[in-house]
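K.L.:
I need the structure of the sequence given here:
(one chain, ligands or ions: 2)
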Amino acid sequence: MVGSTLAVDAEELHMLECPDEALQVQGRRSRLGFRIGAALLGLTALVLTMPFPGTAHGSLLGGMLDVSRMRELEVEMAKAGLPLPLEQKSHISPEAGNVLCVVDVAQSIGRIMGVGNSIKSVTVNCDFKSIVKVQRRPITQDERQRCAVTIFGVMVNTALGMGAISSSVSTCAGSVNVPANCAANVNAFIGNVLVLAGTAMAADLSCPLDPLPDRIEERQIELQEARDDLQREINKFLIRNNQPVTNVLPPDPAIPKDEVFHSISRCVAHLDLAVTFVMKSGVIIADSTLDCSEEELIDEDDKRVCAINIIGLMGTLSLATRFFALASNSCVQIVGQTTHRAGCAADTAGINAGVYASVAPAMNLQASCIEASLGRKRRVSPWTTGKKGPMHTERGERCACVFRAALVQKSSHASYLARVQAVMFLRDRANEFPVVSTSQDELRACHVNARAENLAKSALENHHVEEHVICEVLRLCCIPLSTTRRKLMPAGKKSVQKVVLGLYSRAGRVEITSFTKTCPWTTKLLTAFVQQKHPGFFFTSIQVNCNNKCAPHTDRNHSTSFIFGLGDYKGGELFVADPNGADRLLLSKAVSGYPKGAEVPGDYVNIKSKWLEFDGRNLHTVKPFKGVRFSLVYYTCPEYAQASPKVRMACCESGFKYPLLQQLVRDPGSRESAASAASAVPVPKAKTERQRRRPQNDAICRGSADPADSMKKTVKKTYALLKAKTGPPRKRGRPRKEAPRCQNSLADPADSMKKTVKKTYALLKVNSNQKGGGGTANFRKAMAALRSAVKKLPEELHLHILTLLDASEDKENFEAKTSGTWRRFLPPILELLGVTDPELEQAKKDANPRDLSMEPVKKAQRKARKRLAASGAEQSESDEGTSKKRRRCNDEL
Ligand SMILES: O=C(O)CCC(=O)C(=O)O
Ligand SMILES: [Fe+2]
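P.N.:
Ligands and ions are numbered 1, 2, ... in the order given. From the prediction side, this is the model:
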């Protein structure tokens, strides 16, 4: 009897010793409901993440997404070389990016530990042989399921670990690594789909049939009572048989050491992941205050990025819950305790997490992986100045800044951090904001900067180089605010929207503006616009003005310009001084040599939708207007001749028509001399038709030709052209009608250049250290001959070459007995004179056989540029009567 009692009780005892199993067996559910639930969740995830669903898919996300359009846009943008609006690329601050780096690294560690822990669990849970041997029964369905769950655990931790490592490649570098970003999204997607499947299965095991807490407690009490009853029965039995009653029930078994370590490892990994998911949630919440603000949600991509944030946030919060719950289990297991409620909570949270955390990266897969498939390696723009989001160019950054400003003003939900960030940004870059008006339309135009480029590109491809397209492109463009030349601005204004495309000169450097590089298609469209109307016109730069009511001024252009007015505006005629003009401009202050109160004759010309050729060196101004007025001024930068071949080529590639070398000969200008202006004699009007040179050969910039070839050909042909030229060069500032008088005062430039090349070669051949002596005398003779040839060259060349020659004779550089000292200065001169590349290469070899340092030459070049710039600045100053620092309207960035 006792035996049978004991036999029965032993089973009960087993249940008491293994409460996990007891609860599980007690808590078994009908699995059907659970499976249907898990299947439905999986299905939802799948539908939400299908790669190319139609519009129906959009409606599943509450009309937030039109994925097919989104993809179209992304492909277009990717092909155009434009950045795709990637999630996880923009953060509210660089610090937020740093937090994500810490999060990614910590998650990588947690996941690697997770892989180890899961493998260890697999060795236990899937060791069916041992189970059969110890339990002496076949494997149950639950045991098979538990084994599958732990295998899922290995897969999940591997995929998500790889995702975290890939993500950290970007987050810790502070910029987007395109392939790593793609890999991070792919791994996050796969890993979280596995989380969904794994936790649905695990919840089936861990969650009791009747999950009401009191029911479970009730059962625990029942079990305890059974245990006590059993103890009493045993005691009675022992007493009846005169046995001592102590230590009858075996003590709690000692926890095996490796179990303790395993629990510690799981506890650490779970806590690590729980904490990092909380950190990540914080960053996503902060980022969402920007990404999901009303002003940011312009198009489908913005909505997608916001949706990714929100869905991702739900995912990270669920994951944080899951890992806290798992930790509460694994950490107490260190001391041999366990809590099934936590296991169930963890697995249920895991189901949520699996859905959200797989949908979020799936929504980012296309954006991140299209670029990677196009072979892009890395986005270099670092996260240094806060949000970059869909726009990460410098210009985009400025736009983002305006948005942030608007956000700070408007949104009471903006976080404190965003406000501080924006205020700091505003303070630092107050003058660089690209949009004058804060109207929604303009902000929108600013935001969708990439659209301007897309539109410009498609207009060019479809041959729609038309005014209305250009106007739209300009509206979409983010034209920066410029604070230079304040005197030209209307009263009370400290900045106007204007930007230069193409060549510009600043501090002696002649380069392409950054705006040209950021807006290549817009630039090409604008250059094509003038070329289709005025094909022979040479120009190196375009001044784009938006609502710029220029006060009376003169520009320091090389020759005449073309101007075109666009937009929806009234008034805004351009006044151009002309001695024969019918109108009068009363000057309220002295300008360009005209005294205050002077009545300058000229004409008011309506340039709206019209081309006007005018000479910016004559006084001009813009009449007040209402509405949005854009003006495009096509002109030639006066320092164009100093641009390097590379810069020239870049100009050509953008569609500018670089002036030929013969234009080094100053185009007959029409600027009034300071003296005549001072005496308020009206400036003689430029004879624009005749002034403009239309050479027969324009090989440099003839669009389709390879610019490198064109350049070389042009150098050769230039000599021929120069010879064929009828008019001689003139000095800057003389009216054209005086040109004939100058005819004999300057030599023909083609001859002068040829002669100078010859004399330079002659000097190059001199041996200043020749045997028998006389070398230095030969040097002096050849140098004198070269100097006299140089005198006949156009002004800028003359100045530049003389500076180099002076440096070559400087006692610091000249060493008659060392070959290569003074010769080093000659190849740059030949380069200025336009010799061919092979000739130049040969000259470089001959000039510096000992490979002496070129630093003195570079120094001289810098000096020459400075001198040129200074001479230009003087000109500008006299033009405008303004400070030396000021540059002309057309010449600023
Ligand atoms: O917008 C205009 O009509 C004139 C612009 C101008 O003079 C300039 O940009 O220098
Ligand atoms: Fe101007």
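K.L.:
tell me the mean pLDDT for stretch 236-251?
P.N.:
When pLDDT is averaged over stretch 236-251, the result is 67.
K.L.:
try stretch 864-881
P.N.:
Averaged across stretch 864-881, pLDDT comes to 47.
K.L.:
do the same with stretch 520-528
P.N.:
The average pLDDT within stretch 520-528 is 94.
K.L.:
And the contacts of it?
P.N.:
Applying C-beta atoms under 8 Å, 6 or more residues apart in numbering, the contact partners of stretch 520-528 are 80, 452-454, 456-457, 459-460, 465, 469-470, 473, 477, 501-502, 516, 542, 544, 632, 654-657. Placement of C-beta: from N, CA and C, glycine included.
K.L.:
For ligand 2, what's the nearest residue on the stretch 501-650 of the chain?
P.N.:
Here the residue of the stretch 501-650 of the chain nearest ligand 2 is D555; by C-beta to the ion that distance is 4.4 Å.
K.L.:
what's that residue sitting at in phi/psi?
P.N.:
With angles defined as degrees, to the nearest 10, D555 sits at phi -110, psi 160.
K.L.:
And the one 3 residues further on, by the same measure?
P.N.:
Dihedral angles phi and psi of H558 (degrees, to the nearest 10) take the values phi -80, psi -40.
K.L.:
Name the nearest residue to it, ignoring sequence neighbours.
P.N.:
T636 (3.9 Å; C-beta to C-beta, 6 or more residues apart in numbering).
K.L.:
Which residues are in contact with that neighbour?
P.N.:
F538, F539, T540, S541, N557, H558, S559, S561, P659, Q663.
K.L.:
can you rerun that using 6 Å?
P.N.:
Residues near T636 by C-beta atoms under 6 Å, 6 or more residues apart in numbering: F539, T540, H558, S559, P659.
K.L.:
in whichever strand or helix holds S318, what's buried?
P.N.:
Assigned by DSSP states H and E, S318 falls within helix 300-333. The neighbour-count check on helix 300-333 (16 or more other C-beta atoms under 10 Å) flags 300-331, 333 as buried.
K.L.:
Packing partners of it?
P.N.:
helix 257-291, helix 340-373 (3 or more C-beta pairs under 6 Å, 6 or more residues apart in numbering; DSSP states H and E).
K.L.:
The same query, at a cut-off of 7 Å, please.
P.N.:
Here helix 300-333 touches helix 67-79, helix 257-291, helix 340-373, going by 3 or more C-beta pairs under 7 Å, 6 or more residues apart in numbering; DSSP states H and E.
K.L.:
where along this protein do the strands fall?
P.N.:
481-482, 496-506, 509-512, 541-546, 561-566, 569-571, 574-577, 583-586, 599-605, 611-614, 620-622, 625-627, 630-635 (DSSP state E).
K.L.:
Now do S631 against ligand 1, distance only.
P.N.:
Applying C-beta to the nearest ligand atom, to the nearest Å, the value for S631 to ligand 1 is 3 Å.
K.L.:
Grab the nearest non-local neighbour of that residue.
P.N.:
Using C-beta to C-beta, 6+ apart, the nearest residue to S631 is N545, at 4.5 Å.
K.L.:
how is this structure carved up into domains?
P.N.:
For the chain, automatic domain parsing gives the domain ranges 59-206+258-373, 394-457, 461-746, 749-880.
K.L.:
Could you identify which of those has the lowest mean pLDDT?
P.N.:
Across those, domain 394-457 gives the lowest mean pLDDT, at a mean of 45.
K.L.:
Single out the residue in the stretch 351-500 of the chain that lies closest to ligand 1.
P.N.:
Nearest residue of the stretch 351-500 of the chain to ligand 1 (C-beta to the nearest ligand atom) works out as K498 at 6.7 Å.
K.L.:
Write out the residues of the stretch 501-650 of the chain neighbouring ligand 2.
P.N.:
Within the stretch 501-650 of the chain, the positions lying close to ligand 2 (C-beta under 5 Å from the ion) are D555, G616.
K.L.:
give me that answer again for 6 Å
P.N.:
Contact residues, the stretch 501-650 of the chain versus ligand 2 (C-beta under 6 Å from the ion): C550, H553, D555, G616, H620.
K.L.:
and this structure, which of its residues are near ligand 2?
P.N.:
Close to ligand 2, as judged by C-beta under 6 Å from the ion, the chain has residues C550, H553, D555, G616, H620, C889.
K.L.:
Go through the residues you listed and name the one nearest N187.
P.N.:
Here the nearest of the residues of the chain next to ligand 2 to N187, counting by C-beta to C-beta, is C889; it sits at 53.8 Å.
K.L.:
Within reach of ligand 1, which of the residues of the chain next to ligand 2 are there?
P.N.:
Under the cut-off given by C-beta under 6 Å from any ligand atom, ligand 1 has C550, D555, G616, H620, C889 from the residues of the chain next to ligand 2 close to it.
K.L.:
among those residues, who's most crowded?
P.N.:
Using other C-beta atoms under 10 Å as the neighbour criterion, C889 leads those with 28 neighbours.
K.L.:
Count the residues that sit near R556.
P.N.:
By other C-beta under 10 Å, the residues close to R556 number 25.
K.L.:
wouldn't it be in contact with E639 here?
P.N.:
No: using C-beta atoms under 7 Å, R556 makes no contact with E639, being 9.6 Å away.
K.L.:
Sweet, I'm off.
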